[in-house]
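Asker: Build me a model:
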Amino acid sequence: MAQPQRVLFVCLGNICRSPLAEGVFRQLCERQGANVEIESAGTGAYHVGEAPDRRMRQTARRHGVDIEHLRARQAVAADFDRFDLILAMDRNNLQNLKAIAPTNARATLKLFRDFDPTPGDGDVPDPYYGSGDGFEHVYTIVERTSQALLRQLS
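Answerer: Numbers count the residues shown, from 1 in each chain. Presented below is the predicted three-dimensional model:
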């Protein structure tokens, strides 16, 4: 059996955007039978060990995606050897990841929305300080982009 592709989704605190992307993408891969290992992380250590934000868990649940078991962790330099593809949710996190990337990094580092058929400004907006509809908007972006990502990896 071929080695699985390994994908890491990264946002700031690993409690909103990246755990949702992990859950959505995992579900899509399982449905397609894709051989992909998936994780998420944050560039900051603000929420290490915490569950995803309650509002994001509710949004995911409404769409049949389970992210209840996930716990936040911080991205580290070793991730650049463990993963094939590291996807930042926005440009700020992309810059933070570039700052910790080893010079001989194995992983390809990109913006998540590089795979979005309608990428807008390239960033997945952070819904943390906004209203509930921001979480739905992020779900729409993540679901659409995850489908396109899976098609590209297949």
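
Asker: what's the next secondary structure element after the host helix or strand of residue 96?
Answerer: For residue 96, the host element (DSSP states H and E) is helix 91-100. Per DSSP H and E, the first helix or strand lying C-terminal to helix 91-100 is strand 108-111.

Asker: Residue 15: which element?
Answerer: Using DSSP H and E, residue 15 maps to neither a helix nor a strand.

Asker: mind listing what it touches?
Answerer: Contacts for residue 15 (C-beta atoms under 8 Å, 6 or more residues apart in numbering) come out as 42, 47, 50, 51, 52, 53, 56, 72, 128. Where C-beta positions appear, they are placed from N, C-alpha and C, glycine not excepted.

Asker: Of those, keep whichever come out buried.
Answerer: When those are checked for burial by 16 or more other C-beta atoms under 10 Å, the buried set is 42, 47, 51, 52, 53, 56, 72, 128.

Asker: ok, and the closest non-adjacent residue to the first one?
Answerer: Right, the one you point to is residue 42. Nearest residue to residue 42 in three dimensions, chain neighbours excluded: residue 14, at 3.2 Å (C-beta to C-beta, 6 or more residues apart in numbering).

Asker: Distance of the closest residue to residue 98 other than its chain neighbours relative to residue 6?
Answerer: Spatial nearest neighbour of residue 98, excluding adjacent residues (C-beta to C-beta, 6+ apart): residue 109 at 6.8 Å. Going from residue 109 to residue 6 by C-beta to C-beta, to the nearest Å gives 13 Å.

Asker: so where do the helices sit in this protein?
Answerer: Ranges of helices in the chain, per DSSP state H, are 17-32, 54-62, 79-82, 91-100, 132-153.

Asker: before we move on, the earlier item: could you dump the contacts of residue 15 to JSON lines with pLDDT?
Answerer: Shown next, in JSON lines, are the contacts of residue 15 (pLDDT from 0 to 100):
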{"residue": "42", "pLDDT": "98"}
{"residue": "47", "pLDDT": "97"}
{"residue": "50", "pLDDT": "98"}
{"residue": "51", "pLDDT": "98"}
{"residue": "52", "pLDDT": "98"}
{"residue": "53", "pLDDT": "97"}
{"residue": "56", "pLDDT": "97"}
{"residue": "72", "pLDDT": "98"}
{"residue": "128", "pLDDT": "93"}
